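S.K.: please find the sequence and the predicted model below.
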Amino acid sequence: MLRDWLDWQHKTVHLKCDGLSDVDAHRAPLPTSPKMSIAGLVSHLTWVEKGWLEGSFLRNVDVLSQGLEDGWEMRGQSLADLLAAYEKQCIRSSQVLGEHQLDELEAYAPPDLELVSLR
């Protein structure tokens with residue numbers, strides 16, 4: 001179910017961004033949330049998959065130490081570049097999921113949090 005849901009999400013993100021200009025993708029409609037934009041969301045989704053599957057689940061110290069502000073910092077990237085990075089991470093995420101059992105526990109959890117499985 002996790003794999004199917006992530007596959008659906010990966011496809012949906014690309015469909016929802018189809019035809020969107022960079023200006024519109026980077027527009028933050030809420031003044032109180034200047035990083036909340038479509039581009040910010042795509043960047044955040046990329047970071048979440050990388051941070052959890054590669055950082056926490058595989059305990060990749062390099063990923064854990066990147067400090068990417070949860071992916072909301074886009075550093076002037078175009079929507080096309082953000083979508084390409086998301087697609088690359090989607091492929092990597094699928095690879096990680098294919099190599100592990102759903103009941104397997106992550107290798108790292110922040111202090112005071114329990115280890116969780118892929119379920």
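M.R.: The structure has been received and is ready for your questions.
S.K.: from here on, contacts and neighbour counts on C-alpha atoms
M.R.: Noted.
S.K.: ok, His100 - contacts?
M.R.: The contact partners of His100, by CA atoms under 8 Å, 6 or more residues apart in numbering, come to none.
S.K.: now the lengthiest helix in the chain: buried residues?
M.R.: Determined from DSSP state H, the single longest helix within the chain is helix 79-98. Judged by neighbour count (16 or more other CA atoms under 10 Å), helix 79-98 contains these buried residues: Leu79, Leu82, Leu83, Tyr86, Glu87, Gln89, Cys90, Arg92, Ser93.
S.K.: how about the fifth one: what's its closest non-neighbour residue?
M.R.: Think Glu87. Of all residues not flanking Glu87 in the chain, His10 sits nearest, at 7.6 Å (CA to CA, 6 or more residues apart in numbering).
S.K.: let me know the next secondary structure element after the host helix or strand of the one you found.
M.R.: Taking DSSP states H and E as the definition, His10 sits inside helix 2-17. For helix 2-17, the following helix or strand on the C-terminal side (DSSP H and E) is helix 22-26.
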